[in-house]
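Engineer: show me how the following folds:
(2 chains)
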Protein chains: 2
Amino acid sequence: MFYIIGLGLGDCKDITVKGLEIIKKCDRIYLEHYTSILTCGISELENFYQKKLIIADRDLVEQSADTILEGADIEDVALLVVGDPYGATTHTDLILRAKDKNIQFQIIHNASILNAVGCCGLQLYSFGETVSIPFWTENWKPDSFFNKILCNYQRNLHTLCLLDIKVKEPTLESLTRKKKEYMPPRFMSVAEASQQIVEIINKTICDITSNSLCIGLARVGSETQEIAACAISHMTEVDLGPPLHSLIIPSSVLHPLEEEYINQFKLS
Amino acid sequence: MFYIIGLGLGDCKDITVKGLEIIKKCDRIYLEHYTSILTCGISELENFYQKKLIIADRDLVEQSADTILEGADIEDVALLVVGDPYGATTHTDLILRAKDKNIQFQIIHNASILNAVGCCGLQLYSFGETVSIPFWTENWKPDSFFNKILCNYQRNLHTLCLLDIKVKEPTLESLTRKKKEYMPPRFMSVAEASQQIVEIINKTICDITSNSLCIGLARVGSETQEIAACAISHMTEVDLGPPLHSLIIPSSVLHPLEEEYINQFKLS
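Structural biologist: Residues are numbered from 1 along each chain as shown, chains lettered A, B, ... in the order given. Have a look, this model is predicted:
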């Protein structure tokens, strides 16, 4: 049997009882380690499970799926992923491959940022399309995500912005070589995301200005979770500490309960 | 301390390890029992926790929040909710009341339909605003939800439709009496939801027709989960068994991986 088990967002105890029971009986356990991260380290997970983990980096999951699935028709193999198993398309792809090979599979759900973001007090049913904000380079500054934020805003919907993660990204120079070299991991902060948004706002005439409210979230679902609400221009200087961060551009019209809840996070 | 603990979507083992540890030490444990349901019963939960549960119905949660919070400054009190704690505004309201009373609180996240819906293979980041479809009566047929589905559709976004639940709803006749009488619980099926949608489509000229694809989901996250994909007109006759059901109106343009994944659920 092949299992994809969501680990939730915080530490090792955010796994479900069902998920933990499955891990205990598995012959091989992979830990997906590039689309998101937990606030605890790998050795802490291994101690808690009393099992050895195999780190599944981008190359392994995207290019060597067959290695992960090998023997899963007769053994129990699990892939552990931060958040919920359906948070990344590569996992959907893995399930299709398992089906092709007549390998049975089971999915163990867990919290992901898509629902845990409710911790800021905005109603989950008032969110529009989720957007991803990519790291800009000097010559590559894609801004199509901002148009989606605007569309949501004009329909009185909040936007959750997922911020870029670069883990085990090959350096540009090494792409043509046989031996890949990797850049140090980078996680976009709410300040960096806001800086890019302000840059877009400065050359656009639209309903969202740099004075518009935004909400920064860090390490949602963990014990060190932090939330701050302020103007987008102010957020460019806010430090919410270690990753992962997310940013919300709320609708201009808030429900009174949302307003009251967010007040507790407002920076002066 | 006051805890709101998400139970996830399936059975008693979908609680997180952290959530279970907290339950074990709590002095009083409420089970919220009207915004959603698990596939297992209350006695199964009590056996699994080895703890007695207090059923928190709509009246208790909405009108007697102080009863739930009583003593939570010196004791440990938990409210268990199906899915994730932030799935309903009444829970946000409870947290604000706890803060007002200087009662510390902790939220234990879990999977909810908002992310578990990824099990149908549609990409979670391609969903627009979530809508709720209410039970119609002979004289009350609100259809504003359909406009939101259309807006999503025109932006190439999928729509998750949450289907109405009526648990412990007072009868109209008993509202003016001292002693409330309650209607039997009702859970909208994908067939009923589709019937209402077809009725709206029949008097509207729009991009969505009764031949458009929809996806019905039942008991998502449980072992008896069922998914079916077919035309909306066909879904009016599909029986996916016991509650809870949800319905998706996908975007007209699907990603090849979405298309491939959904094919396995297509009814002939």
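Engineer: so how many other residues sit close to the closest residue in space to residue A:101 that isn't next to it in sequence?
Structural biologist: Distances taken as Cβ to Cβ, 6 or more residues apart in numbering or on different chains put residue A:69 closest to residue A:101, at 6.2 Å, once the chain neighbours are dropped. From N, CA and C alone the C-beta is placed, and that goes for glycine too. Burial of residue A:69 is recorded as 19 neighbouring residues (other Cβ atoms under 10 Å in any protein chain shown).
Engineer: surely residue A:69 and residue A:99 touch.
Structural biologist: No - counting by Cβ atoms under 8 Å, residue A:99 is not a contact partner of residue A:69; they are 10.5 Å apart.
Engineer: which parts of chain A are strands?
Structural biologist: In chain A, the segments counted as strands under DSSP state E are A:2-6, A:28-32, A:54-56, A:77-81, A:105-108, A:131-133, A:159-163, A:165-166, A:186-187, A:213-218, A:226-231, A:245-249.
Engineer: not counting sequence-adjacent ones, nearest residue to residue A:170?
Structural biologist: Excluding the flanking residues, the one nearest residue A:170 by Cβ to Cβ, 6+ apart is residue A:180, at 4.5 Å.
Engineer: state the distance from the one you found to residue A:60.
Structural biologist: 13 Å (Cβ to Cβ, to the nearest Å).
Engineer: give the full set of residues in contact with residue A:71.
Structural biologist: A:27, A:28, A:77 (Cβ atoms under 8 Å, 6 or more residues apart in numbering or on different chains).
Engineer: between those, which is nearest chain B?
Structural biologist: residue A:77 (19.5 Å; Cβ to the nearest Cβ).
Engineer: show the pLDDT at the closest residue to the closest one other than its chain neighbours.
Structural biologist: Of all residues not flanking residue A:77 in the chain, residue A:28 sits nearest, at 4.8 Å (Cβ to Cβ, 6+ apart). Listed pLDDT for residue A:28 reads 97.
Engineer: now the contacts of residue A:71 as TSV including neighbour count?
Structural biologist: TSV is the format used below for the contacts of residue A:71 (neighbours: other Cβ atoms under 10 Å in any protein chain shown):
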residue	neighbour count
A:27	11
A:28	17
A:77	24
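Engineer: which parts of stretch A:11-23 are buried?
Structural biologist: For stretch A:11-23, burial by neighbour count (16 or more other Cβ atoms under 10 Å in any protein chain shown) applies to A:11, A:12, A:13, A:14, A:15, A:16, A:17, A:18, A:19, A:20, A:22, A:23.
Engineer: thought the last one was touching residue A:31?
Structural biologist: No - applying Cβ under 8 Å as the test, residue A:23 and residue A:31 come out as separate, 10.5 Å apart.
Engineer: what touches both of those two?
Structural biologist: residue A:80.
Engineer: and the lowest-mean-pLDDT helix or strand in chain A, which residues are buried?
Structural biologist: When the helices and strands of chain A are scored by mean pLDDT, DSSP states H and E, helix A:58-63 comes last with a mean of 79. Using 16+ other Cβ under 10 Å as the test for burial, helix A:58-63 gives A:58, A:60, A:61.
Engineer: so how many other residues sit close to the residue of the stretch 101-250 of chain A found nearest chain B?
Structural biologist: Using Cβ to the nearest Cβ, the closest approach of the stretch 101-250 of chain A to chain B is made by residue A:118 at 2.6 Å. Around residue A:118 sit 27 other residues, with neighbours defined as other Cβ under 10 Å.
Engineer: surely it and residue B:86 touch.
Structural biologist: Yes - Residue A:118 is within contact range of residue B:86, at 2.6 Å (criterion: Cβ under 8 Å).
Engineer: anything in contact with each of the two?
Structural biologist: A:124, B:92.
Engineer: against residue B:92, how distant is the residue of the stretch 101-250 of chain A closest to chain B?
Structural biologist: 8 Å.
Engineer: overlap in contacts, the two.
Structural biologist: residue B:86.
Engineer: and the closest residue to residue A:165 other than its chain neighbours, what does it touch?
Structural biologist: Counting by Cβ to Cβ, 6+ apart, residue A:165 lies nearest to residue A:187, which is 5.5 Å off, once chain neighbours are set aside. Residue A:187 is in contact with A:37, A:163, A:164, A:165, A:166, A:243, A:244, A:245, counting by Cβ under 8 Å, 6+ apart.
Engineer: residue A:173 now?
Structural biologist: Contacts for residue A:173 were tallied using Cβ under 8 Å, 6+ apart; they are residue A:181.
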